[in-house]
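*Asks:* okay, here's the prediction I keep looking at, along with the sequence it came from:
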Amino acid sequence: MSVQNAETTHSPDASLSLLNLRVMSLLLVFLGVLITGYLSYVKLTDKETICIEGAHFNCDVVQNSRYSAIMGIPTTYLGFVTYLVIGGLLLAENQGQFFRENSIFMLFGLVLFAFIYSMYLVYLQGAVLGAWCQWCLAHEGTMTVLFVVTLLRLKQALSVDPE
């Protein structure tokens, strides 16, 4: 199944909508890079995370739990790299026929996986650790909105009628 370039197959209103969703995606990726970049910096430098003071918030418990790494790689690094890859795909999506036809599917697959894993991390914070990290929740909220925006972009791309 091929998806045509939105600028050539949509009315101006539809193209504007797709452009706005793409810009929103890029802004969300930028926000995600900032959040996961901060968390990666904290992990790399072994600094204490700036965290909300409260009974249920303890970023250090979350950041240093046994769930904070996969095969020895901190999830903060993986999140940072994930946002960079998503951003790269967004920037490359109009570069060449392959990306014009397939980037939305690659983006959706990657964002779907990241969203599901993020929801798993929310579950771990609340149900297993009993502690919350506002930075982690900010990432998970950002990934949720990015998932919705990517889903809308996929829906629009699939509804394109090739001319």
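*Replies:* Arrived safely, thanks for sending.

*Asks:* which residues in the protein form helices?
*Replies:* In the chain, the helices defined using DSSP state H lie at 6-9, 12-45, 59-63, 75-92, 96-123, 134-158.

*Asks:* select, out of those, the one closest to Cys51.
*Replies:* Among those, the nearest to Cys51 by C-beta to C-beta is helix 59-63 (3.7 Å). (Glycine included, C-beta is placed from N, CA and C.)

*Asks:* now the closest one: buried residues?
*Replies:* Neighbour counts using 16 or more other C-beta atoms under 10 Å place 59, 61-63 of helix 59-63 among the buried residues.

*Asks:* same question for stretch 23-41.
*Replies:* For stretch 23-41, by 16+ other C-beta under 10 Å, it's 24-25, 28-29, 31-33, 35-36, 38-40.

*Asks:* out of these, which comes closest to Val128?
*Replies:* Of the buried residues of stretch 23-41, the one sitting nearest to Val128 (C-beta to C-beta) turns out to be Leu39, at 19.0 Å.

*Asks:* wait, Thr36 sits on Tyr83?
*Replies:* Yes - using C-beta atoms under 8 Å, Thr36 is in contact with Tyr83, at 5.9 Å.

*Asks:* tell me how far stretch 127-138 is from the chain's mean position?
*Replies:* The chain centre lies 17 Å from the centre of stretch 127-138; the measure is C-alpha atoms, centre = their mean, to the nearest Å.

*Asks:* roughly how far does the residue positioned nearest the centre of the chain sit from Gln97?
*Replies:* By C-alpha atoms, centre = their mean, the chain has its centre lying nearest to Met143, at 4.0 Å. Met143 sits 29 Å away from Gln97, going by C-beta to C-beta, to the nearest Å.

*Asks:* then Leu152?
*Replies:* From Leu152 to Gln97 the distance is 24 Å (C-beta to C-beta).

*Asks:* with Ile116 instead?
*Replies:* For Ile116, the distance to Gln97 - C-beta to C-beta - is 30 Å.
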